[in-house]
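A.B. asks: Okay, here's the prediction I keep looking at, along with the sequence it came from:
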Amino acid sequence: MQELNKNSVGLAIGLFFGLAHLIWAIIVAMGLAQPLLDWILHLHFMSLSYSMNAFKVGNALLLVVVTFVVGYVFGWVLAALWNAFRK
């Protein structure tokens with residue numbers, strides 16, 4: 001089995017997490033988040049009382065940055081563990 005590059009795996013997973021949350025922020029900005037969540041909860045036979053907060057650019061940027069960093073760390077640790085146990 002091949003050794004993984006920790007930086008590459010970290011970047012790949014970080015970019016995936018960040019992109020997914022960027023898409024979510026765009027959905028919130030477009031005002032489509034509430035109906036989407038209502039539909040998803042309905043599919044899971046759930047009914048919750050909640051409301052979406054107003055969109056704020058600063059919060060959206062922080063969301064994307066934090067999830068990228070968490071994804072990067074997760075990917076880096078995953079690759080390090082893979083490399084440690086692959087032998």
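C.D. replies: Structure's in. What do you need?
A.B. asks: contacting residues for the residue most central in space within the chain?
C.D. replies: Residue closest to the mean C-alpha point of the chain, counted by CA atoms, centre = their mean, is residue 17 at 3.4 Å. Residues near residue 17 by CB atoms under 8 Å, 6 or more residues apart in numbering: 67-68, 70-71, 74. For glycine as for every other residue, the C-beta is placed from the backbone atoms N, C-alpha and C.
A.B. asks: sec struct for it, please.
C.D. replies: Applying DSSP: H, G, I helix; E, B strand; the rest coil to residue 17 yields a three-state assignment of helix.
A.B. asks: Likewise for residue 69?
C.D. replies: Residue 69 ends up helix, using three-state DSSP.
A.B. asks: quick one: it and residue 13 touch, right?
C.D. replies: No: using CB atoms under 8 Å, residue 69 is not in contact with residue 13; the gap is 11.0 Å.
A.B. asks: Who has more neighbours out of those two?
C.D. replies: residue 13 (20 against 14; other CB atoms under 10 Å).
A.B. asks: Could you check how far the spatially closest residue to that one that is not a sequence neighbour is from residue 61?
C.D. replies: Leaving aside its sequence neighbours, residue 13 sits nearest to residue 75 (CB to CB, 6 or more residues apart in numbering; 3.3 Å). Distance, residue 75 to residue 61, using CB to CB, to the nearest Å: 21 Å.
A.B. asks: Repeat that for residue 28.
C.D. replies: Residue 28 is 13 Å from residue 61, by CB to CB.
A.B. asks: Contacts only, for residue 6.
C.D. replies: Neighbours of residue 6 in contact, by CB under 8 Å, 6+ apart: 75-76, 79-80, 83.
A.B. asks: Mind checking which of those residues land in strands?
C.D. replies: Per DSSP state E, strands hold no members of these.
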